[in-house]
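Peer 1: from the sequence below, what's the structure:
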Amino acid sequence: MLHNYLFKIKDKRERIKLAIELRKIMIESETYIPGRRKADIGINGTVCENKLKQIEALIDRRGYDVKKRQSQN
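Peer 2: Residues are numbered from 1 along each chain as shown. Predicted coordinates for the structure are as follows:
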């Protein structure tokens, strides 16, 4: 299953910090600059179910404004 998250974080340093933390959790990951969205950081990554739970717990603890979308792939 594919999970997509869109974070709205105003502070650029906080966005970069979150990207670094998320990449540390992921099994494999890469960053990119999204072209179609108004965003400055994108991350593609592979995670197992346990790692996905860690990511979602991090999101909950920080209280970010997040939109989550799931698709079957």
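Peer 1: now the helices for the chain?
Peer 2: 12-25, 49-62 (DSSP state H).
Peer 1: residues of the first one that come out buried?
Peer 2: Read that as helix 12-25. Applying a neighbour-count criterion of 16 or more other Cβ atoms under 10 Å, one finds R15, L18, A19, L22, I25 buried in helix 12-25. (Each C-beta comes from the backbone N, C-alpha and C, glycine too.)
Peer 1: list just the nearest of these to N4.
Peer 2: L22 (13.2 Å; Cβ to Cβ).
Peer 1: ok now do that closest one, which residues does it touch?
Peer 2: S29, I43, G45, I55, L58 (Cβ atoms under 8 Å, 6 or more residues apart in numbering).
Peer 1: for K51, same thing?
Peer 2: When the contact criterion is Cβ under 8 Å, 6+ apart, the partners of K51 are I25, M26, I27.
Peer 1: could you do N44 as well?
Peer 2: Here N44 is in contact with S29, E30, Y32 (Cβ under 8 Å, 6+ apart).
Peer 1: redo that, cut-off 6 Å
Peer 2: For N44, the contacting residues are E30, by Cβ atoms under 6 Å, 6 or more residues apart in numbering.
Peer 1: pLDDT score for S71?
Peer 2: At S71, the model reports a pLDDT of 65.
Peer 1: burial measure for S29, as a count.
Peer 2: Using other Cβ atoms under 10 Å, S29 has 15 neighbouring residues.
Peer 1: repeat for the one 4 residues further on
Peer 2: By the measure other Cβ under 10 Å, the count of residues near I33 is 8.
Peer 1: next up, phi/psi of it, please.
Peer 2: phi -100, psi 110 (degrees, to the nearest 10).
Peer 1: quick revisit: which one of the buried residues of helix 12-25 is nearest K38?
Peer 2: R15 (12.6 Å).
Peer 1: wait, that closest one touches I9, no?
Peer 2: Yes - assessed by Cβ atoms under 6 Å, R15 is found in contact with I9 at 4.7 Å.
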